[in-house]
Structure formats: structure tokens, C-alpha cells
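J.: sequence and predicted structure are below.
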Amino acid sequence: MITLAESNNKLRYRDHCLLDASVPIFCRDWWLDAVAPGQWDVALVTENGRVIAAMPYVMRQRMVFNFISQPPLTQFSGPWLAPNIRREQKRLEFEKKLFCSLIKQLPRFHYFDQNWNFRLTNWIPFYWSGFQQTTRYTYRLENIDSENLIWKGLSSNIRREIRKAVGRFSLTLRSSPTIDEFLELNELTFSRQGKDIPYKRDMVRRIDNACLARDCRKIFIAEDSEGRAHAGVYIVWDESSAYYLMGGGHPSLRTSGATSFVMWEAIKFSASVTESFDFEGSMIEPIERFFRAFGATQTPYHRVFKTNSRILNIIRGLKDSLQS
């Protein structure tokens, strides 16, 4: 495992994250400490002593290969740019200079793979440097301050499920649920699907502790009159958006409408702490259909990647041919 020292860039970036609320939660230093302790660093561009561009990255080693990759439970990483009021032509030229500087600062890697914030639309300087891109999608609710409008935007099926959960099954929200209570539901979902859990409990606890210390997370668990937990949702947020991070449900209680109910409660709560709600998207068809049913807007974002290894290119080509 590669352990990265506290570079001058990293120390400066920590100070910057304390002062600039426009840095998204997934790019902040304390989040990276939670999901990739000792494995992240950052490329920086400064102007007159002020940070105007940054690109945090996580470096991992597998065998002899160095990977810059997306950390678990982290929707996006990639570049952050200070708000820019330049006209379009000058803005693009300025972004080109910033991106080129960030790229030059990256350490030697064999494979690079990052999901970018949907607000970053200009990846062409990375293309000129040999990177590739594919488009992925998230689903977002903007301007969530009107509960009535959000409710009207739900599909009739989702509204019916919420009413069923509250009416027929008398579900309510559990008071002050713990992270371990939530993880029980979360792990039951993966078990039902026959899948390995893609993150470790210790890492989730680090995220939870870091978010609790900054009052930017909430757990929603729907329970019945017998105290049985039906479904749960875990959200985090920053100044601009709340994010659906994890979910879970009891396999034998899936027909109660609890999943729709807790998601609806999470959206309603999010309106009290931020401006929008991000379902974090999914390329899995049933999950995409569920998110879309909440009236969310399909929003594209870039996955940017590059392979600097002939061996890894051959392996990747073999995998693609076997899956085709």
C-alpha cells in the first residue's frame, strides 16, 4: 500500500477547505481522510497566494501498478475550480491553463480513473493529454424548498407506496438510529442480492464520525409498531446539495413501501439544510427507474480515465472481449 506524506500542497489544501464552502463534500480534506487515509494528495494552482484550482487524487498500488482511482462511497472527485466570471472564450482558455497545470502535477501512474462533478463540462484539455471519457448519469432534484411541488413531481406509484407505508403499515421514523442499526439493513440488501459489500464497516464508521463532527449526515430508518426496521437511507450534504450515500432494506419486509417512504423523508429533510438532492445515479436499470420516479432530472457527468501501461491495456482488452 502506498502511503503519501503530508505535502505542502496537502497542507495548503486543508486550509483552503476550511475557508471555501464551494469545495464539494466529496473533495474536502476530511472526507478524503475518512475514505482513503494516508492515500491521497492534491494538485494545486494558486494565484496571488489564493488557491484557484485543485485536483485531489487517491493513489493505490496493486502488485507493481499505481492506480489513481475513485474512493468508495465517493460520488465524484476530479478538479475543483474557483468561481470564474470571465467571458466564455477567455474562460475556456483559462480553464485550459489550469487543467494543464493540474495534469502536469500528477504523480506517475499506470491507470487513472475519476468521476467528475456534473458541473465540470470541459474535459477537452484532458483529451489533448491522452485521457479518455465516457458519460454517466446521476439524478437530481433542484430547488427542493417547495414540498408541494416535489410531491406533485413523484410518480403515482411512489406516492401510493408512501401512503401505504404510513397508512396500512403504520411506519414511522426511528428516533436517533445508529450507524450500526443502519449497516444491518444495508448489509442485508447485499446479502439478498448475493453480492459482496463494496466497502468496509471501519471506513463507513470513519465517514460517519467525520460527518457527525460537522453535522452533515442523517440516517432515516422506517420501523413498524413492533420495532422492526423495514428500510433505511443514509444521506450527507454540503452547502449546495444533499447526497443519497447508502440504502438498505429487510428482505422479508420489502412490500411495505418503506423504501419510498424513507427516501421521501430524506428529501423533505434535505430542504432544511441545503438546496438540492442528488440520488447519486446508477447505471443499473431497476435503480435508475426508482430514482427517476421521484421526478429527478437525469444529469450527465464525465468519467475520465487513462491507461499508461501496455500490460493493463491488454488485460482490459481481454476483459472487454470476454464480456461482449
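T.: In hand now; what should we look at?
J.: can you give me the strands in the stretch 51-200 of the chain?
T.: 65-69, 80-81, 111-115, 132-141, 172-173 (DSSP state E, counting those that start in this stretch).
J.: now do the stretch 201-324 of the chain
T.: 217-223, 229-237, 242-249, 277-278, 297-307.
J.: tell me which other helices or strands the second one touches.
T.: Contact analysis of strand 229-237 by 3 or more Cβ pairs under 8 Å, 6 or more residues apart in numbering; DSSP states H and E lists helix 179-193, strand 217-223, strand 242-249, helix 258-270 as its packing neighbours. C-beta coordinates here come from the backbone N, C-alpha and C atoms, glycine included.
J.: what's the third one in contact with?
T.: To tie it back to what came earlier, the one meant is strand 242-249. By Cβ atoms under 8 Å, 6 or more residues apart in numbering, the residues outside strand 242-249 that reach it are 25-26, 73, 75, 182-189, 204, 207, 217, 230-237, 258-259, 262-263, 266, 270, 273-274, 276-280.
J.: list buried residues within the residues you listed.
T.: Among the contacts of strand 242-249, those scoring as buried are 25-26, 73, 75, 182-183, 185-186, 188-189, 204, 207, 217, 230-237, 258-259, 262-263, 266, 270, 274, 276-280 (criterion: 16 or more other Cβ atoms under 10 Å).
J.: neighbours of the residue nearest to residue 83 when sequence neighbours are not counted, how many?
T.: Residue nearest to residue 83 in three dimensions, not counting chain neighbours: residue 22, with 6.5 Å by Cβ to Cβ, 6 or more residues apart in numbering. Under the neighbour criterion other Cβ atoms under 10 Å, residue 22 is assigned a count of 11.
J.: what residues are up against residue 22?
T.: Going by Cβ under 8 Å, 6+ apart, residue 22 touches 80, 82, 83, 239, 240.
J.: just these: which has the poorest pLDDT?
T.: Within the contacts of residue 22, pLDDT reaches its minimum at residue 83, with 83.
J.: tell me how far that one lies from residue 119.
T.: Using Cβ to Cβ, to the nearest Å, residue 83 is found at 11 Å from residue 119.
J.: relative to residue 132, which of the contacts of residue 22 is nearest.
T.: residue 80 (21.3 Å; Cβ to Cβ).
J.: would you confirm that the closest one contacts residue 26?
T.: No. Between residue 80 and residue 26 there is no contact under Cβ atoms under 8 Å: 10.2 Å.
J.: I'd say residue 164 and residue 257 touch.
T.: Yes. Residue 164 is within contact range of residue 257, at 4.1 Å (criterion: Cβ under 8 Å).
J.: quick one: pLDDT of residue 318?
T.: On the pLDDT scale, residue 318 is placed at 62.
J.: the residue nearest to residue 83: helix or strand, and which one exactly?
T.: Residue 22 belongs to no helix or strand when elements are defined using DSSP states H and E.
J.: any chance of the backbone angles for it?
T.: Torsion angles at residue 22 (phi, psi; degrees, to the nearest 10) stand at phi -80, psi -10.
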